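J.: Could you look at this predicted model? Sequence included:
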Amino acid sequence: MTTERLQNMRQALNGRTRLLRRSRRHRAAKFLAKDASLRALDMLLEVIMSGHDADAANAAAVALSQHADWRHINVICSVWALTRHPTLGRLITQHGWIANAPPDARVLSALHTGQLEVLMNARPGLLLAMLIACGDRNQTIAQRAMRSLHHLKRVDTKQALCMLAIEQNIPIALTIAKKSGYLPDDQQLRAVFLLLSNQREAFRALDQDCELTLAAYAQSSPELRERIILALQDEPQAPPLMPPSLVYVADLNDAQWLETVQQLRKPMMHHVAAVVTRYAPARWAAQLLLHLNEDAEPAARTNTMPLDVLRTIAETCIAGNEPQPLLQLTINGGQRGIHHLALSPDGQYFAASDGAGQVMLWNTFDGTPVVTPPNQQWPIRSLHFSRDSRWLCTASTVGEIIVWDMHKQCVAQQFAGRAPLNLIPDSDTMISGGDEAFHFWSLKGHHLSSIRTPNARIAQIALSNDGQYYAVAGAAPAIAQSMYGVPRDHSISVWRMPSGELLAGDALARWLDRGDPIAKLDMPGVAEQIIFSPNGHLIAAVCGDGIVRIWRLLDGMLQQSYPGTAPIVFLHHGTQILCGATTGGFQIRQSQSGALVANVPLPHGIPRVMATIPERGIVIGGSTDGTITLWRLHESLEAVELNKHEHRITALTISDDGRTLVSADITGTINLWDLSVCELVRRIPLHIRPSERSWVSEVIRQRRYKGDERRWLELMNALYRTPPGNRRGFDPSLPIDIGSFRLRLE
């Protein structure tokens with residue numbers, strides 16, 4: 001149906017109430033239902049949910065009940081799961097509709113219609129949505145969800161429920177699995193499950209000498225190991241020492257690599273060292289190559305890069321210095337100081353904003369200026385590029401959101417929003433603050449939705465890495481608190497993002513404001529920082545009271561709280577968290593238990609500005625004396641210091657691939673750093689992306705780098721082209737006993 005035809009049907013459906021026009025309304029609703037497009041369906045849902053005209057809503061409901069197909073049903077169930085509108089609920093119940101996707105809509109629609117057999121025979125992918133439904137505000141739905149989980153019929157789903165109880169420490173999953181008699185088939189996991197669920201007699205009968213438990217411990221995550229150790233304290237037969245932990249090659253730190261190299265230097269280990277060299281970062285592969293003899297020479301004589309050449313390159317690398325970040329550009333950004341920086345995802349441009357509302361743009365490769373957006377009257381507080389690098393979005397606490405078209409070099413859109421501003425991952429949708437509300441905007445040029453936050457302005461907005469959740473922190477206005485006695489509201493509301501189909505629809509996305517938050521997290525003050533863990537299981541926040549709080553996202557339960565200050569960063573996929581220490585410096589703690597892992601010394605005090613890549617363990621801080629400190633916390637606590645600024649660092653940003661760093665100080669000086677070589681030296685050759693391999697080859701041909709950097713690049717290229725051989729047929733899937741741990745290559 002054409003756009004003009006759809007608009008005519010919409011006008012007929014929303015016409016004034018007259019008896020003679022009722023048949024026309026029903027006919028228009030019928031045409032819209034048969035069209036089955038998102039726009040047509042949105043028109044029908046708008047009439048039903050607005051509540052302005054009962055006759056038009058009835059016509060839309062009748063049309064949907066008569067002509068709905070699977071596309072209608074998925075959207076209707078998704079909107080109902082988000083809004084719980086009674087008319088949609090009645091439609092779902094009367095016709096027994098169950099959504100095919102997404103999982104939360106499928107689970108809730110099956111529970112609402114009472115078709116529990118669907119969930120009892122469900123695959124493991126629906127388990128998490130079923131566990132969330134156990135805490136639903138509708139008691140009937142919650143009870144039906146519990147009943148379905150207690151009577152699961154598929155073996156793989158029962159096994160998955162036990163694994164959720166073991167690995168993710170979900171209390172309700174552990175309770176249901178224990179009460180229903182579900183047990184893992186694997187003997188090691190069964191022993192751990194019986195131990196953690198406090199079924200002591202069954203555990204002792206299965207694993208009297210704790211061998212199964214210790215074998216499972218060696219392959220467990222750090223959090224699970226902590227729980228196993230605590231549970232074994234009450235077991236008299238448990239040995240006092242745990243076996244060496246199993247560590248994957250990608251997770252080794254500097255101390256472990258040093259121990260690995262020392263063990264593999266022994267003559268009888270040379271054939272193993274030849275294999276490990278292929279998996280090691282370049283700086284450790286170079287040390288291993290120095291100790292390999294002819295016995296480890298590659299078996300294939302047709303290789304273009306024999307071992308002696310590799311060893312020669314490695315010797316030149318070890319003789320020189322390890323590559324350090326290279327200062328590529330220095331730019332004068334003005335006299336008012338730079339407050340915010342942004343790098344485009346394609347790496348072509350970087351933007352900066354100062355305290356006067358001016359936004360500046362430069363080319364990353366040569367530093368040439370680019371046409372910039374017009375000056376704003378207020379300081380810019382948020383600066384973001386879109387995922388395709390086409391749009392630059394700016395926002396201040398007062399004024400408007402401006403979307404700048406990088407291709408046409410003009411203002412594309414202007415919105416009446418405020419900072420903070422974030423772009424939802426993998427979409428063309430923005431979320432911003434406002435006057436006692438936060439808003440959703442489409443980069444295509446229209447407003448999608450608003451959610452009211454009475455008596456509170458928006459202080460922070462955070463998004464999970466996968467874009468499925470977002471958190472909004474409120475802060476009561478200071479004037480309102482003092483003059484009108486408005487109650488303080490500093491809580492953090494966590495919301496679930498609608499499914500991709502709903503978010504993609506230009507009009508359907510406005511039903512964002514009909515749902516309730518999945519969790520409300522209490523905070524004693526205004527949140528200074530909110531972050532989601534990379535695995536999406538936890539959310540952490542810190543405010544001015546000097547306490548770091550960590551909640552479980554599944555049910556909003558407070559997991560840990562301990563002294564700490566901003567900035568906070570999740571490490572190791574969320575298993576650890578880094579935060580400022582109240583006594584100075586940084587501290588690293590276990591996310592689940594709060595146990596102290598390490599203290600990070602800071603000779604220049606706690607950085608005032610931070611930039612991070614959590615999945616790589618890269619943390620960069622800027623201090624008041626102009627020093628930039630770079631940590632690779634997955635590897636060691638030793639820091640790299642960059643001292644090209646003479647005044648206080650005011651802004652930092654790093655590219656997603658970790659190859660480019662941009663820093664700025666209070667005088668307006670901007671430095672662009674190239675981290676690519678020093679990052680590649682620390683990366684495992686097998687984990688280097690094809691684009692990076694081609695970049696290395698191109699750089700070597702162009703002679704862009706000289707001296708120490710060139711030697712390491714040649715080694716990286718040689719390791720990729722001709723890894724050392726495996727004459728004795730060592731199986732890389734077997735763990736290697738190093739001493740204090742066991743090394744796993746694959």
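T.: Right, received. Where do you want to start? Predicted model only: the values in this text are computed from it and were never measured.

J.: Can you say which helix or strand has V192 in it?
T.: Assigned by DSSP states H and E, V192 falls within helix 187-196.

J.: And the contacts of that helix?
T.: For helix 187-196, the external contacting residues (Cβ atoms under 8 Å, 6 or more residues apart in numbering) are 162-163, 165-166, 174, 177, 183-184, 200, 202-203, 206-207, 212-213, 215-216, 220, 224, 227-228, 231-232, 235. Where you see a C-beta, it was placed from the backbone N, CA and C, and this is true even at glycine.

J.: Mind giving me the ChimeraX select for these, buried ones only?
T.: Burial among these is assessed by 16 or more other Cβ atoms under 10 Å; the matching ChimeraX selection reads:
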select :162,163,165,166,174,177,183,184,203,206,207,212,213,215,216,220,224,227,228,231,232,235
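
J.: picking up where we left off before, mind listing what's buried in the helix holding V192?
T.: 188-196.

J.: can those residues go into JSON lines with extra columns for pLDDT and distance to P607?
T.: As requested, those are exported to JSON lines (pLDDT from 0 to 100; distance: Cβ to Cβ, whole Å):
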{"residue": "Q188", "pLDDT": "91", "distance to P607": "43"}
{"residue": "L189", "pLDDT": "91", "distance to P607": "42"}
{"residue": "R190", "pLDDT": "92", "distance to P607": "47"}
{"residue": "A191", "pLDDT": "92", "distance to P607": "45"}
{"residue": "V192", "pLDDT": "91", "distance to P607": "40"}
{"residue": "F193", "pLDDT": "92", "distance to P607": "43"}
{"residue": "L194", "pLDDT": "92", "distance to P607": "46"}
{"residue": "L195", "pLDDT": "90", "distance to P607": "42"}
{"residue": "L196", "pLDDT": "90", "distance to P607": "39"}
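
J.: Tell me the one of the residues you listed nearest T582?
T.: Ranked by distance to T582 (Cβ to Cβ), the buried residues of helix 187-196 are led by L196 at 33.4 Å.

J.: State the distance from that closest one to Q159.
T.: Computed as Cβ to Cβ, to the nearest Å, the L196 to Q159 distance reads 16 Å.

J.: With A282 instead?
T.: Note on A282: its distance to Q159, by Cβ to Cβ, is 41 Å.

J.: The two - which one has more neighbours?
T.: Set side by side, A282 and Q159 show more neighbours around A282, with 28 against 19, by other Cβ atoms under 10 Å.

J.: Could you find the closest non-adjacent residue to the more buried one?
T.: Spatial nearest neighbour of A282, excluding adjacent residues (Cβ to Cβ, 6 or more residues apart in numbering): V681 at 4.6 Å.

J.: G585 now?
T.: Spatially, and ignoring its direct neighbours in sequence, G585 is nearest to L602 (4.5 Å; Cβ to Cβ, 6+ apart).

J.: now do L326
T.: Spatially, and ignoring its direct neighbours in sequence, L326 is nearest to D674 (4.4 Å; Cβ to Cβ, 6+ apart).

J.: now swap in R144 and tell me
T.: Among residues not flanking R144 along the chain, L111 sits closest, at 4.6 Å (Cβ to Cβ, 6+ apart).

J.: That neighbour contacts A133, doesn't it?
T.: Yes. Using Cβ atoms under 8 Å, L111 is in contact with A133, at 6.0 Å.

J.: returning to that earlier point: for the residue nearest to G585, phi and psi?
T.: Per-residue torsions, L602: phi -130, psi 100 (degrees, to the nearest 10).

J.: Can you verify my assumption that it contacts T583?
T.: No. Between L602 and T583 there is no contact under Cβ under 8 Å: 10.8 Å.

J.: who's more crowded, these two?
T.: A count of neighbours by other Cβ under 10 Å puts L602 above the other of L602 and T583, at 18 against 8.

J.: Could you measure from the more buried one over to M43?
T.: L602 sits 58 Å away from M43, taking Cβ to Cβ as the criterion.

J.: Kindly report the same for Q702.
T.: From Q702 to M43 the distance is 58 Å (Cβ to Cβ).

J.: Likewise for S464?
T.: S464 sits 32 Å away from M43, going by Cβ to Cβ.

J.: now do R682
T.: Distance, R682 to M43, by Cβ to Cβ: 55 Å.

J.: more crowded one of the two?
T.: Higher neighbour count among R682 and M43: M43, with 24 against 19, using other Cβ under 10 Å.

J.: The more buried one sits in which helix or strand?
T.: helix 38-50.

J.: Looking at W391 now. What's its pLDDT?
T.: Note on W391: pLDDT of 91.

J.: Span of stretch 200-214 from start to end?
T.: End-to-end span of stretch 200-214 (Cα to Cα, to the nearest Å): 16 Å.

J.: for the stretch 101-250 of the chain, what spans make up the helices?
T.: If DSSP state H, counting those that start in this stretch is used as the criterion, the helices of the stretch 101-250 of the chain fall at 103-113, 116-120, 127-133, 139-150, 155-167, 171-180, 187-196, 200-206, 211-218, 222-232.

J.: Run through who's touching the fifth one.
T.: With Cβ under 8 Å, 6+ apart as the test, helix 155-167 has contacts from 122-124, 127-128, 131, 149, 152, 170, 173-174, 176-177, 180, 182-185, 189, 192-193, 196-197, 221, 224.

J.: try the second one
T.: For helix 116-120, contacts defined as Cβ under 8 Å, 6+ apart pick out 98, 107, 110-111, 126, 130, 144-145, 147-148, 151-153.

J.: do the first one as well
T.: For helix 103-113, the surrounding residues in contact (Cβ under 8 Å, 6+ apart) are 74, 77-78, 80-81, 89, 92-93, 96-100, 116, 118-119, 122, 125-126, 128-130, 132-133, 136, 141, 144-145, 148, 496, 499.

J.: Show me how far that helix is from its chain's centre.
T.: With Cα atoms, centre = their mean, to the nearest Å as the basis, helix 103-113 stands 26 Å off its chain's centre.
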